[in-house]
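Asker: show me the folded form of this:
(chains A and B, ligands or ions: 6)
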Amino acid sequence: MTSIAKPPVRHPSLGKNALGFTRRDYEGAMSTLCAGCGHDSVTAALIQAFWELDVPPHRAAKMSGIGCSSKTTAYFMKQSHGFNSVHGRMPSLTTGANAANRDLMYIGISGDGDSLSIGLGQFCHAIRRNVQMLYLLENNGVYGLTKGQFSASADVGSTSKKGEPNIQKPIDPALLALSLGATFVARSFSGDKAHLVPILKAGLKHNGFAFIDIISPCVSFNDHEGSTKSYKHTREHEVDLAPVDFVPLRREITAKQGPDAGVTSVTMHDGSILRFRKTAREYDPTDRGAAASHVRACSERGEVATGLLYVEEGGEEMHALNRTVAKPLVELPFEELCPGNARLQELMAEYR
Amino acid sequence: MATNVSDPQYYHKVVDCQWGCPAHTNVPEYIRLIAQGKYAESYLLNRQANVFPGVLGRTCDRPCEPACRRSRIDGKPVAICRLKRVASDLKGDIEEFLPKDPGFSNGKRIALVGCGPSSLTVANDLRPLGYEVTIYEKRDQSGGLMRWNIPAFRLPPDVLDYEVNAILDTGVEVKYNSPVTSMKELLASGFDAVYVGSGAPKGKELELPGRHDGNAKSVIHIGIEWLAGVHFGHIEKIEPRVLIIGVGNTAMDCCRTARRVGASSVKVVARRNRKYFKASPWELEDAEEEQVEIVENHAPKRFVYDQGMLVGMEFEQLAWTDAPDGTQSSKVLGTTMIPCDAVILAIGQDNSFQWIERDIGIQFDGKWDMPVVDKTTHQSTLPGVFFGGDAAWGPRNIIWAVEHGHQAAISIHQYCEGESVKERPAYGMNLVSAKVGMHAWSYSNDYNPSPRQKMQHEELVKRFESVHTEVELGFTPEQTAREVERCLNCDIETYFTGPLCIECDACVDICPTNCLTITGAGDEADLRTRLSAPARNLDQALYVSDALPQTRRVMVKDEDLCLHCGLCAERCPTAAWDMRKFELIVPLASSRAHATA
Ligand SMILES: Cc1cc2nc3c(=O)[nH]c(=O)nc-3n(C[C@H](O)[C@H](O)[C@H](O)COP(=O)(O)OP(=O)(O)OC[C@H]3O[C@@H](n4cnc5c(N)ncnc54)[C@H](O)[C@@H]3O)c2cc1C
Ligand SMILES: Cc1ncc(C[n+]2csc(CCOP(=O)(O)OP(=O)(O)O)c2C)c(N)n1
Ligand code: SF4
Ligand code: SF4
Ligand code: SF4
Ligand SMILES: [Mg+2]
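Answerer: Numbering: from 1, shown residues only, chains lettered A, B, ... in the order given. Ligands and ions are numbered 1, 2, ... in the order given. Predicted coordinates for the structure are as follows:
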């Protein structure tokens, strides 16, 4: 909480995007999270990404569950649609919303508690269905909102604020997503916007379910010595396997660059380009099996593997898989959507 | 290199108004005192720096206002000057807090030439230290140009009397009707030091054809003399159609005074266009409100008479073009006649030092015939003789005259104590946390979107009834309440303790005006190109921290548009950012005495 709302005045030289909006126009209500919470930085990175991508706020829907992380949908794009669901149920809500209106941009925000404990099944099935959405898991290793119990992402040996070590093995959501066939799997860090913003932009442009595990420290319950999800620990153990630049479609046309050695480029569905920078360890972000073993190897060494770990652009998202009509269902006239009993009987007759 | 915020000048510069004020008035603190209804305290805080708050609250040139940060936020500065008047008007009885006759002598006698604001400031600063102060004044009244040139409709005499008497009543001897006619004699009369605060008392002439023809003597006037004539009651009327030549402060007072003593048509004629006028925009506005016409791009050529009576003036109409080097050149488009019955020449003032002998060690420069005066110490080439106010480097304004007085008083005191006048006493500062609780501050940190309050004026008909009717009515209580909240409290400083920073970005993200950036180290020019928002105002400092603990990057703050809202400190989990109240300790002759005592 702060004593005052953020004053409405802005820097007079703040840039405007193609829609004539400044970054400030993508803000939401004042955050009520703890001062210094990683989730607020993720919010700021999202604001930057929406602004840079010229996202029209009224064409986006912000979906969340329960937790400090899930509260953050209130803190950006105040003109957007949104639904704050019950604990762990954000994936199914988003699946339903997307089924009804495929034309909106869906941003789901969840926590390690919300997604890996109560909502684990929901999370897995959204991946399987390949729901077109950006899924952010703001990962702090604890249940922040309920005062810091270990979550399912806490590492073995990571200690609580009182010094007690965690004894159960963690779920690594990135590895889980890789194993379930997710077509966009990334990991980033709230404390490094230069890293996070391009990945967010890539995720928003991905064709299919885009998953980003964001290490987002809980300053109140998990930022102490002994925690493996603190700002300090993350900075000291981060290994950027697949650093990426996101080159949006319109910029690529004007500033065409030749392919340079060691750089993997992936062309996205809309023509934007992902340009991977070369890293010390040979890494191919388009090889699922290799990606998974790299990430696993890192975690065994106590490293935090970050970057756009895996991307596959040719997949089919939920509507393509289900061969639904191109028009959003909400826009179909009722008679077409529900043609009536006579038509139903005809259909049934075909199967008799 | 990290910024050294323990140098008092760093945060002083952030307080734009105080930095812009020649006397370094603590503006934000006096505005907060007004907000709290502490008018007497606010007045006294002002008085400490600018000595004449009531006078300046009505007449100051207010260099603080163009400097004010608020104008970079919503286009209009805080009405700093008129708030000063509020403190003065509402201060109540403050008799007991004004300086008293010290009741002792330190055995030193000093002579001040002239009883204008600069000499009075010297007296104000030195009298409490026991100096025996004698002022020699040519005229029979005190106050200098503040009294006989600034018209009463802008500055009521009782306001001036109150502030001049506050100084004179401490036991200053004033010899009225005593022009100093020989510096040699004055120096021979045994004073320990002499201060020349005699102003620039001579109005400039305009020797054009016809200047002394016909009825010129009674209808062509020199501005400052004419204004003094009106003040002393020698002049009660002027002809109906009046031209004012020149467009500085004097011209503005002449045209408005002319409207009050019988002129029905008044034109102010300028050689150049508005962009180059010396008068402040608000003075022009006030004159135009009184139906004074401003004529641009007209160069006076000659006075025109008909049967010995002035009937007009001939002008060349000019067109000006800007050269790339910043200079301007003019082209004559033609000549025109503007009819008139009287002309007031308001084209500037000159100094007049015939009374200073040139063989007594006071060196004069060859070009302007002005005394050679040290910019810092105010001492002339003759040790023990000091100059200040308009007498030092030509006409300026009251607040500069006051600041010169402060500086000269320091020099005089050091000179009389046998110390070097070159070694100036240092500025100091206090910096105290403004935190008074969890997210609670000792100042109102919320941004108030109110527009600048507009001063209410007396109705035109009433104004023209007498030169003594004050035009500005002062702020209403509601206006005051709104205007004080517009101040951004630029003296409540963001204070950073780098080793506490965990680089969570919370401050960077919350800052409404994108002042903050955490980035790799670099020199200032380089840093300015990679901040959260463009940092193009090179007059404003960048704060740069030492390398931060986790990544060795640095915290950078562009001071330019900081609202001093404290949100960075509220969002900082480790209190690496704090809001601290900065107080500049300005050395004065009197404070220095306390320090050595
Ligand atoms: C028309 C007009 C309007 C102005 N309006 C403003 C305004 O609104 N705001 C502002 O800030 N400034 C204004 N100024 C400027 C301001 O008045 C002066 O800058 C200021 O008064 C200078 O102070 P001073 O003490 O140096 O000299 P002065 O105020 O000029 O005082 C000098 C004194 O010395 C006396 N004196 C001169 N020679 C001798 C001598 N030989 N022996 C004894 N005594 C002598 C004079 O009689 C006078 O009393 C205005 C000036 C004019 C002309
Ligand atoms: C059905 C249900 N069970 C339990 C809770 C209590 N609860 C609230 S938030 C939360 C965990 C949140 O953790 P996470 O998703 O990691 O969010 P964080 O606060 O750490 O960002 C729990 C268990 C609840 N609100 N609803
Ligand atoms: S409890 Fe932790 S996760 Fe929740 S707002 Fe505070 S710092 Fe953030
Ligand atoms: S906003 Fe207030 S403190 Fe800041 S420069 Fe203006 S008057 Fe001074
Ligand atoms: S006080 Fe802090 S948050 Fe507020 S404008 Fe200044 S730097 Fe930004
Ligand atoms: Mg959590």
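
Asker: now the element after the helix-or-strand element of chain A with minimal mean pLDDT, going C-ward?
Answerer: Within chain A, no helix or strand scores below helix A:249-254, which has a mean of 54 by mean pLDDT, DSSP states H and E. Per DSSP states H and E, the first helix or strand lying C-terminal to helix A:249-254 is strand A:264-267.

Asker: strands paired with that next one, and their directions?
Answerer: strand A:273-276 (antiparallel) (DSSP bridges).

Asker: quick one: distance of the partner strand to the chain centre.
Answerer: 18 Å (Cα atoms, centre = their mean, to the nearest Å).

Asker: do stretch B:36-45 as well
Answerer: Between the centre of stretch B:36-45 and the centre of its chain there are 20 Å (Cα atoms, centre = their mean).

Asker: for that stretch, what is the average pLDDT?
Answerer: For stretch B:36-45, mean pLDDT rounds to 98.

Asker: residue 53: how many residues sit nearby?
Answerer: Just going to use chain A. When neighbours are counted by other Cβ atoms under 10 Å in any protein chain shown, residue A:53 registers 17. Any C-beta I mention is one placed from the backbone N, CA and C, and that applies to glycine too.

Asker: was after chain B, sorry
Answerer: 26.

Asker: do the same with the one 10 residues further on
Answerer: Applying the criterion other Cβ under 10 Å, we find 15 residues in the vicinity of residue B:63.

Asker: how close does it sit to residue A:329?
Answerer: Between residue B:63 and residue A:329 the distance is 67 Å, computed by Cβ to Cβ, to the nearest Å.

Asker: tell me which element the residue nearest the centre of chain B is part of?
Answerer: With distances taken as Cα atoms, centre = their mean, the residue of chain B nearest its centroid is residue B:399 (3.7 Å). Secondary structure from DSSP H and E places residue B:399 in helix B:398-416.

Asker: which is the next helix or strand following that helix?
Answerer: strand B:428-433.

Asker: and that next one, what does it pack onto?
Answerer: Using 3 or more Cβ pairs under 8 Å, 6 or more residues apart in numbering or on different chains; DSSP states H and E, the elements in contact with strand B:428-433 are helix B:8-14, strand B:492-496, strand B:577-585.

Asker: what does the last one contact?
Answerer: Residues outside strand B:577-585 that contact it (Cβ atoms under 8 Å, 6 or more residues apart in numbering or on different chains): B:8, B:11-12, B:14-15, B:18, B:24, B:26, B:29, B:427-435, B:441-443, B:445, B:491-497, B:507, B:564, B:566, B:568-569, B:591.

Asker: name the nearest residue to residue 206, ignoring sequence neighbours.
Answerer: Just going to use chain A. Nearest residue to residue A:206 in three dimensions, chain neighbours excluded: residue A:184, at 4.4 Å (Cβ to Cβ, 6 or more residues apart in numbering or on different chains).

Asker: you looked at the wrong chain, it should be chain B
Answerer: When the adjacent residues along the chain are set aside, residue B:206 lies closest to residue B:345, with 5.0 Å between them (Cβ to Cβ, 6+ apart).

Asker: repeat for residue B:522
Answerer: Nearest to residue B:522 is residue B:530, by Cβ to Cβ, 6+ apart, at 7.8 Å.

Asker: coming back round to it: I'd like to know how many residues surround the residue nearest to residue B:206.
Answerer: 26.

Asker: wait, it touches residue B:205, no?
Answerer: Yes: in this structure, residue B:345 is within contact of residue B:205 by Cβ atoms under 8 Å, at 7.1 Å.

Asker: hey, what's in contact with both of these two?
Answerer: With Cβ under 8 Å, 6+ apart as the test, residue B:345 and residue B:205 both reach residue B:222.

Asker: between the helices and strands packed on strand B:428-433, which one is nearest to residue A:323?
Answerer: Proximity to residue A:323 (Cβ to Cβ) singles out strand B:577-585 among the helices and strands packed on strand B:428-433, at 55.5 Å.

Asker: what mean pLDDT does the closest one have?
Answerer: 98.

Asker: pull the CA atoms of it into CSV?
Answerer: This file holds the C-alpha atoms of strand B:577-585, laid out as CSV (Å, rounded to 0.1, in the frame of the first residue of the first chain):
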residue,chain,number,x,y,z
TRP,B,577,15.2,5.4,-0.6
ASP,B,578,14.1,7.9,2.1
MET,B,579,12.6,11.4,1.9
ARG,B,580,14.7,13.9,3.8
LYS,B,581,14.0,17.5,4.5
PHE,B,582,16.8,19.6,3.3
GLU,B,583,17.6,23.0,4.9
LEU,B,584,20.2,25.2,3.4
ILE,B,585,22.2,27.1,5.9
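
Asker: number of residues surrounding the residue in the stretch 351-500 of chain B that ligand 1 sits nearest to?
Answerer: The nearest approach of the stretch 351-500 of chain B to ligand 1 comes at residue B:389, 2.1 Å away (Cβ to the nearest ligand atom). Residues within reach of residue B:389, counting by other Cβ under 10 Å, total 34.

Asker: dump the residue contacts of it.
Answerer: Neighbour list for residue B:389: B:114, B:116-119, B:197, B:199, B:396, B:400-401, B:404-405 [criterion: Cβ under 8 Å, 6+ apart].

Asker: same for ligand 1: which of those residues are within range?
Answerer: Restricting the contacts of residue B:389 to those near ligand 1 by Cβ under 6 Å from any ligand atom leaves B:114, B:116-119, B:197, B:199, B:396, B:401.

Asker: which of the residues you listed lies closest to residue A:91?
Answerer: Nearest to residue A:91 among those: residue B:396, at 72.9 Å, using Cβ to Cβ.
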